[in-house]
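[1] this one's sequence-less:
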């Protein structure tokens with residue numbers, strides 16, 4: 001699937017000049033990056049980050065929820081102008097879209113959860129959210145897995161015994177720790193899944209929008225805003 005970069009690059013200047021809304025796509029089950037609060041509002045580190053970018057860049061930004069595996073295809077097709085949501089930069093994704101400079105580092109150690117005594121990953125059937133670096137890792141390793149559109153579906157499949165293990169961004173998540181405790185599960189196995197940090201993605205070739213986003217992010221680094229947001233959400 002080819003990214004419509006030439007079209008995006010041609011029209012982005014017009015979009016910005018005319019103050020048409022920038023459509024931001026995200027999946028939001030992922031505290032503290034993005035999640036839905038008690039009032040039904042998308043919130044989190046990347047909501048605050050993107051809102052600040054939009055303010056500094058004089059962009060009118062609208063948010064749209066989608067499953068994670070729809071984000072990169074959506075920005076490639078023009079459904080979204082920007083996608084984010086704990087989006088790790090990888091070589092596989094760089095072949096499809098352009099990323100801003102990373103604004104948050106990740107821990108490469110990722111964990112499988114399951115019942116005590118569950119088989120190790122090479123022997124197990126693993127549940128994973130589709131479109132994630134975790135799914136790509138399982139594919140590279142040659143492990144058996146079933147991919148689900150959303151993280152809640154992955155966890156529900158594990159609870160029902162449809163899969164032996166679940167792999168995802170679980171270790172630092174208080175919501176996942178509560179789920180593990182309630183279900184009698186454990187953090188069983190860890191594997192390293194390195195990436196180049198977390199960033200926003202735009203359609204490949206959309207240099208006007210990419211430069212606008214990077215300029216705002218660079219300014220936020222210089223004046224301490226980015227560090228302040230990271231301290232608020234991650235420390």
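    Happy to help now that I have it. Quantities reported herein were computed from a predicted structural model and do not represent experimental measurements.

[2] Distance from the chain centre to the helix ranked longest in the chain, please.
    Criterion DSSP state H: the longest helix present in the chain is helix 207-222. Mean-position distance between helix 207-222 and its chain equals 19 Å (C-alpha atoms, centre = their mean, to the nearest Å).

[3] Not counting the helix or strand immediately after that helix in the chain itself, show me its contacts.
    Heading C-terminal from helix 207-222, the first helix or strand you meet, by DSSP states H and E, is helix 225-234. With contact meaning C-beta atoms under 8 Å, 6 or more residues apart in numbering, helix 225-234 is reached by 32, 44-45, 48-49, 52, 103-104, 217, 219-221. Using the backbone N, CA and C atoms, a C-beta is placed for each residue, glycine as well.

[4] Show the buried residues in those.
    For the contacts of helix 225-234, a burial check counting by 16 or more other C-beta atoms under 10 Å picks out 32, 44-45, 49, 52, 103-104, 217, 220.

[5] Domains in the protein, by residue range?
    5-105+196-234, 109-192 (automatic domain parsing).

[6] would a markdown table of those domains with mean pLDDT be doable?
    Listed next are the domains of the chain as a markdown table, based on pLDDT from 0 to 100:
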| stretch | mean pLDDT |
| --- | --- |
| domain 5-105+196-234 | 91 |
| domain 109-192 | 97 |
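
[7] what packs against the longest helix of the chain?
    Contact analysis of helix 207-222 by 3 or more C-beta pairs under 8 Å, 6 or more residues apart in numbering; DSSP states H and E lists helix 5-17, helix 45-56, strand 201-203, helix 225-234 as its packing neighbours.

[8] chain center to whatever helix or strand comes next after the longest one: distance?
    Sequence-wise, the next helix or strand downstream of helix 5-17 (DSSP H and E) is strand 22-26. Going by C-alpha atoms, centre = their mean, the spacing between the C-alpha centre of strand 22-26 and its chain's C-alpha centre is 13 Å.

[9] Each with direction, which strands does strand 22-26 pair with?
    strand 61-65 (parallel), strand 82-84 (parallel) (DSSP bridges).

[10] residue with max distance from the center of this protein?
    Within the chain, residue 117 marks the point farthest from the mean C-alpha position, 30.5 Å out by C-alpha atoms, centre = their mean.

[11] Need the nearest residue in space to residue 68, chain neighbours excluded.
    Among residues not flanking residue 68 along the chain, residue 27 sits closest, at 4.1 Å (C-beta to C-beta, 6 or more residues apart in numbering).

[12] how many neighbours does the one you found have?
    Residues near residue 27, counting by other C-beta atoms under 10 Å, number 26.

[13] Dihedrals phi and psi, it?
    Per-residue torsions, residue 27: phi -100, psi 140 (degrees, to the nearest 10).

[14] residues in contact with it?
    34, 65-68, 71, 85, 150.

[15] Let's have those in a markdown table, adding neighbour count, secondary structure and distance to residue 161.
    Formatted as a markdown table, the contacts of residue 27 follow (neighbours: other C-beta atoms under 10 Å; DSSP: H, G, I helix; E, B strand; the rest coil; distance: C-beta to C-beta, whole Å):
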| residue | neighbour count | secondary structure | distance to residue 161 |
| --- | --- | --- | --- |
| 34 | 23 | strand | 30 |
| 65 | 14 | strand | 29 |
| 66 | 18 | coil | 29 |
| 67 | 18 | coil | 24 |
| 68 | 24 | helix | 24 |
| 71 | 23 | helix | 30 |
| 85 | 25 | coil | 29 |
| 150 | 15 | coil | 19 |
